[in-house]
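Undergrad: Can you look at this prediction? I've put the sequence above it.
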Amino acid sequence: MNNSIYENNLSYYKNIRSYDLMTPKERAHALSIGAPVDRMPVYMMADLVIPQLIGTTLRESELSAKRKAEVQIAGYRMFGFDSVGMMHGLYSLPIAIGGAYSDPENLTRTLIEYPVKDISDLSVLDLDCVGLCKDEAASKAFDAIRYVQEAIGDEVECTMNFTSPFTVASGIVGIEKFLTALAKNTERAEQVLQFVLEAQFKLAKEFLKEGITVGTSDPVASCTIINPKLYRKFAQPYEIEFAKRCMEYMGKPLSIHICGNTTKILNDVADCGFSTFSLDNMVDLAVAKREIGNRMHLAGNVDPVAVMLQGTPRDVEKSVHSCYFKAWDSPKGFSIHTGCDMPYGTPLENMEVYLREAKKCAKEHAEALLKEKDYYIWDDAAEVENEKI
């Protein structure tokens with residue numbers, strides 16, 4: 001980490017922290033007992049951009065547990081968002097059992113060779129080869145959470161994300177081969193899914209036993225890639241089982257993020273029993289509120305590319321207001337979030353505007369839940385929405 005670069009950016013975002021009169025843990029506790037809060041929670045997926053703000057690269061930040069922790073600690077101290085966390089990674093399990101990968105400087109690792117070459121030969125799928133000591137990504141994340149807890153754990157929770165079986169299974173075999181196998185070699189495909197379920201939970205259990213909150217994601221399960229019928233038959237059952245097992249340890253439901261368009265499966269995801277659905281920007285929050293707002297807490301969903309990376313500060317402001325306009329009064333609650341990870345190179349000013357407007361709206365959101373007003377700061381988004389009609 002380059003301390004000079006970090007200190008400059010810490011100073012740049014200093015005013016953003018003035019909106020925070022409570023720590024995330026204080027805020028969460030107050031909300032849990034119905035007490036007043038300074039503002040509602042604010043989230044942002046920034047793992048790909050924080051490294052550049054502390055003078056390093058994503059690849060360098062993944063070299064050790066301490067470096068991974070530095071990213072989360074610095075991000076929290078700069079931005080003051082309401083949760084920090086580690087990710088096992090979409091394809092860390094396939095890599096751990098023999099998959100080859102490319103390691104770009106500022107992008108997540110990409111599989112270039114899958115551990116299962118032929119669906120008829122699943123000999124590499126050995127649960128005895130799965131464990132913290134044999135999975136570099138999980139081991140580093142486990143240790144990194146400890147470093148984060150020591151540094152800022154009294155203020156903010158550090159969570160862990162494990163990808164759901166359907167997406168990981170696609171990395172064991174390859175997406176095209178896996179989707180083909182679902183239709184033509186269903187028994188083998190389900191053997192892969194069952195192995196992934198057992199393997200991911202075996203790893204997750206090590207975190208759960210330490211009292212670490214676990215969440216999940218399932219990007220390949222979206223309707224951008226598969227149809228609702230495939231989701232219901234092959235993705236949903238494994239999401240449910242993974243969540244059920246984790247919940248037995250945590251005593252509370254998991255949250256889930258699914259990239260892409262999930263409009264056609266909103267109710268199916270709600271049926272899984274998750275507490276929160278982090279929605280990609282491809283989903284209209286107004287539709288999500290109407291369909292499942294009475295069943296799940298909604299989070300989302302400012303476009304990380306068209307708005308955060310490529311848009312103007314005014315675009316960012318309008319998008320944040322639009323999210324609140326559509327979903328602030330969702331029955332089970334709403335939290336502002338980006339629709340997915342913001343790409344490397346996202347402008348500092350756009351992130352500053354996002355955080356400023358999000359925290360302003362989050363303050364008004366907290367006040368609005370106590371007393372209705374005739375006009376809210378996000379009501380200017382009504383004009384934008386009317387223009388779309």
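TA: Alright, I've got the coordinates. As the structure is a prediction and not an experimental result, all values here were calculated from the model.
Undergrad: State the number of residues packed around residue 379.
TA: By other C-beta atoms under 10 Å, the residues close to residue 379 number 13. Using the backbone N, CA and C atoms, a C-beta is placed for each residue, glycine as well.
Undergrad: Just say helix, strand or coil for it.
TA: helix (DSSP: H, G, I helix; E, B strand; the rest coil).
Undergrad: Looking at it now. What's its pLDDT?
TA: pLDDT for residue 379: 94.
Undergrad: In space, what's closest to it - neighbours in sequence excluded?
TA: Of all residues not flanking residue 379 in the chain, residue 325 sits nearest, at 6.6 Å (C-beta to C-beta, 6 or more residues apart in numbering).
Undergrad: Skipping adjacent residues, who's closest to residue 198 in space?
TA: Closest to residue 198 by C-beta to C-beta, 6+ apart is residue 127, at 5.7 Å.
Undergrad: Identify the residues contacting that neighbour.
TA: The contact partners of residue 127, taken as C-beta atoms under 8 Å, 6 or more residues apart in numbering, are 195, 198, 199, 202.
Undergrad: mind listing the helices for the stretch 251-389 of the chain?
TA: For the stretch 251-389 of the chain, applying DSSP state H, counting those that start in this stretch gives helices covering 266-271, 285-292, 313-327, 348-370, 381-388.
Undergrad: what residue ranges in this protein are flagged as low confidence?
TA: The model of the chain has pLDDT under 70 over residues 383-389.
Undergrad: which residues does the residue nearest the centre of it bridge with?
TA: Closest residue to the average C-alpha location of the chain: residue 257 at 5.4 Å, with C-alpha atoms, centre = their mean. The partner list for residue 257 in beta bridges (DSSP bridges) reads residue 217, residue 278.
Undergrad: residues in contact with it?
TA: Residue 257 neighbours (C-beta under 8 Å, 6+ apart): 161, 215, 216, 217, 218, 219, 277, 278, 280, 340.
Undergrad: Tell me how many other residues crowd residue 175.
TA: 16.
Undergrad: Surely it and residue 220 touch.
TA: Yes - applying C-beta atoms under 8 Å, one finds residue 175 in contact with residue 220, separated by 6.6 Å.
Undergrad: how far away is residue 97 from residue 208?
TA: Counting by C-beta to C-beta, to the nearest Å, the separation of residue 97 from residue 208 is 22 Å.
Undergrad: now swap in residue 189 and tell me
TA: With C-beta to C-beta as the criterion, residue 189 and residue 208 are 27 Å apart.
Undergrad: Also residue 248?
TA: Residue 248 is 9 Å from residue 208, by C-beta to C-beta.
Undergrad: okay, those two: which has more neighbours?
TA: The residue with more neighbours, out of residue 248 and residue 208, is residue 208; 19 against 10, by other C-beta under 10 Å.
Undergrad: Mind telling me what element the nearest residue to that one once chain neighbours are set aside is part of?
TA: Once flanking residues are discounted, residue 208 sits nearest to residue 249: 3.8 Å by C-beta to C-beta, 6+ apart. Following DSSP states H and E, one finds residue 249 within helix 236-250.
Undergrad: Now residue 102: closest residue in space that isn't a chain neighbour?
TA: Nearest non-adjacent residue to residue 102, counting by C-beta to C-beta, 6+ apart: residue 110, 4.9 Å away.
Undergrad: ok, the one you found - contacts?
TA: Per C-beta under 8 Å, 6+ apart, neighbours of residue 110: 101, 102, 104.
Undergrad: do you know how far it is from residue 204?
TA: Going from residue 110 to residue 204 by C-beta to C-beta gives 23 Å.
Undergrad: same thing with residue 292?
TA: 25 Å.
Undergrad: Please apply the same query to residue 342.
TA: 26 Å.
Undergrad: before we move on, what about residue 343?
TA: 28 Å.
Undergrad: ok, the two, which is more surrounded?
TA: residue 204 (22 against 15).
Undergrad: Hmm, residue 243 and that one touching each other?
TA: No - between residue 204 and residue 243 there is no contact under C-beta under 8 Å: 10.5 Å.
Undergrad: buried residues in the helix or strand hosting residue 71?
TA: Here residue 71 sits within helix 65-79, counting by DSSP H and E. Neighbour counts over helix 65-79 (16 or more other C-beta atoms under 10 Å) mark 65, 67-79 as buried.
Undergrad: Quick check: which helices or strands does the helix or strand just after it pack against?
TA: Per DSSP H and E, helix 65-79 leads on to strand 84-87 as the next helix or strand towards the C-terminus. Packing partners of strand 84-87 (3 or more C-beta pairs under 8 Å, 6 or more residues apart in numbering; DSSP states H and E): helix 65-79, helix 136-152, strand 158-163.
Undergrad: Output the ones you listed in JSON lines, with distance to residue 185 appended to each entry.
TA: Listed next are those as JSON lines, based on distance: least, C-beta to C-beta, whole Å:
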{"stretch": "helix 65-79", "distance to residue 185": "38"}
{"stretch": "helix 136-152", "distance to residue 185": "29"}
{"stretch": "strand 158-163", "distance to residue 185": "23"}
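Undergrad: Quick one: closest of those to residue 363.
TA: helix 65-79 (15.9 Å; C-beta to C-beta).
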